[in-house]
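A.B. asks: mind looking at a prediction? Sequence and model below.
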Protein chains: 2
Amino acid sequence: MKKRSIDPEKKIDQVIRAARRLFVKKGFYAVPIPEIVKESGVSVGAIYLHFGNKENLAAAIYKKTLDDFLEQYNQRLLGQESTRQKLQVFAELVFDIAENEPDMIKYMLSVRQCPHPDCAAPLCSTKPFQLVQEFVAAGIAAGEVKAGDHLLAAVSYTGVVLRAVELRLQRVLEQPLPELAGELIDNAWSSIKSG
Amino acid sequence: MKKRSIDPEKKIDQVIRAARRLFVKKGFYAVPIPEIVKESGVSVGAIYLHFGNKENLAAAIYKKTLDDFLEQYNQRLLGQESTRQKLQVFAELVFDIAENEPDMIKYMLSVRQCPHPDCAAPLCSTKPFQLVQEFVAAGIAAGEVKAGDHLLAAVSYTGVVLRAVELRLQRVLEQPLPELAGELIDNAWSSIKSG
DNA sequence: GTCTATAGCCCGATAGAC
DNA sequence: GTCTATCGGGCTATAGAC
């Protein structure tokens, strides 16, 4: 048994996690490759062999982060029927991740520094946020959400959620988000519900 | 009369405007000083004489941007009495600036890339956003805003506004924000109003 | 496939003429 | 006070041993 990372796939994962940690802490441009080498235990050569360049690495991190997020959202959606509930589990998921694996959310919010085209795409064009837009549109059709532009309604709901996350990540909000979730989700839903 | 910028203060202002334009377009780290020189018509030497280094320049841009924003907000506050109106003119101001001088808002939202301490302070700790928090707190006391944590209420209101701005700046929202203001401000207010 | 060593480039900041 | 020319440093990416 070798001392670490028998599996090349394990190495890639180590690089991704280490690089993400550093990118969210200091910013894409402020992290030199040698620092990722130190933090991950993987050599420069191996990193360039697998990712080609620094931008591709950032894009790979982004893809993996979004894939994980979508998978968790799909799990939590099982059994949820009403629009209100589908949006609520979205907010709860975002809040839980912000507390337990903040790098994921921080990366999603800060990756736009990187010039790679995959990183430049707006957050709302990603799969999980597209789902939210679809749920809101369906909610309008069903009369659960008040009439109006479904994109604006999605913007309002996610705006409340994401702004709360940002302030929590900056430690302006001192309590963990799951404790504040009740009030925040109530506010978010109030901004778009019908009646 | 010299060909340009008789006044040293005018030069500083040219540098600030040019650098802000470039920083929001490409990011702090992706803009080399020589590019600011080309864009502003002011030499490297003059820039370093007045600002000392690149980070201080970013901080000076931030201060000027926030000062301008606060001044405009104070003007619009004149004559507004209700909490609802004070928050509404905040949202309208943000929307107007996002359309007419987008660099101001973009800079406020993206300056945290720069490592200067003045740039790292959270947006909600700045004067205009502190004012919003105070108005919300007063609104709760007056019964206009529903009972609860005033910080969470301010987060919710500004969350709707800022998320809309972000999506408009990315051109996801295709109509100018002032045209969408009615619906958005209604959503934002619905998220926190009493009753 | 994986490493180390280094090439080559570009940036921020300064020195010194005017 | 303002300019141009340049230095030193640190970065990305590669070349070549193992």
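C.D. replies: Thanks, I have the structure now. Residues are numbered from 1 along each chain as shown, chains lettered A, B, ... in the order given.
A.B. asks: and the worst-scoring helix or strand of chain A on mean pLDDT, anywhere near DNA strand C?
C.D. replies: Counting by mean pLDDT, DSSP states H and E, chain A has its least confident helix or strand at helix A:8-26, which shows a mean of 92. Yes - part of helix A:8-26 sits near DNA strand C under the criterion C-beta under 7 Å from any atom of the strand, namely A:8, A:11. Placement of C-beta: from N, CA and C, glycine included.
A.B. asks: what residues sit buried inside that helix?
C.D. replies: Residues of helix A:8-26 classed as buried: A:11-12, A:14-16, A:18-24 (neighbour count, 16 or more other C-beta atoms under 10 Å in any protein chain shown).
A.B. asks: do you know how far A:Pro34 is from A:Leu70?
C.D. replies: A:Pro34 sits 33 Å away from A:Leu70, going by C-beta to C-beta, to the nearest Å.
A.B. asks: which of these two has more neighbours?
C.D. replies: A:Leu70 (16 against 9; other C-beta atoms under 10 Å in any protein chain shown).
A.B. asks: does that one really touch A:Val132, like I thought?
C.D. replies: No - using C-beta atoms under 8 Å, A:Leu70 is not in contact with A:Val132; the gap is 11.5 Å.
A.B. asks: I'd assumed A:Val155 was in contact with A:Trp136.
C.D. replies: Heads up, residue A:136 is Val, not Trp. No - with contact defined as C-beta under 8 Å, A:Val136 does not reach A:Val155; the gap is 9.4 Å.
A.B. asks: looking at those two, which is more packed in?
C.D. replies: A:Val155 (33 against 27).
A.B. asks: tell me the first helix or strand C-terminal of the helix or strand where the more buried one lies.
C.D. replies: In this structure, A:Val155 sits in helix A:150-169 according to DSSP states H and E. Next helix or strand after helix A:150-169 toward the C-terminus (DSSP H and E): helix A:177-190.
A.B. asks: ok, residues contacting that following helix?
C.D. replies: In this structure, residues lying in contact with helix A:177-190 by C-beta atoms under 8 Å, 6 or more residues apart in numbering or on different chains are A:84, A:87-88, A:91-92, A:95-96, A:98-99, A:156-157, A:160-161, A:164-165, A:168, A:173, B:148-149, B:152-153, B:155-156, B:190-192.
A.B. asks: leaving out chain neighbours, which residue sits closest to A:Glu166?
C.D. replies: Once flanking residues are discounted, A:Glu166 sits nearest to A:Leu109: 6.9 Å by C-beta to C-beta, 6 or more residues apart in numbering or on different chains.
A.B. asks: any idea how far the least confident helix or strand of chain A is from the chain center?
C.D. replies: 16 Å (C-alpha atoms, centre = their mean, to the nearest Å).
A.B. asks: surely A:Glu55 meets A:Cys114?
C.D. replies: Yes - if you go by C-beta under 8 Å, A:Glu55 and A:Cys114 touch, sitting 5.9 Å apart.
A.B. asks: and the two? Which one has more around it.
C.D. replies: For A:Glu55 versus A:Cys114, the count of surrounding residues by other C-beta under 10 Å is larger for A:Cys114: 23 against 16.
A.B. asks: per-residue pLDDT, the residue in chain A that DNA strand C sits nearest to?
C.D. replies: Per C-beta to the nearest atom of the strand, A:Gly45 is where chain A lies closest to DNA strand C, at 2.3 Å. Model confidence at A:Gly45, given as pLDDT, is 95.
A.B. asks: what about it, neighbour count?
C.D. replies: Neighbours of A:Gly45 (other C-beta under 10 Å): 9.
A.B. asks: for chain A, what's the longest helix?
C.D. replies: If you go by DSSP state H, chain A has its longest helix at helix A:54-77.
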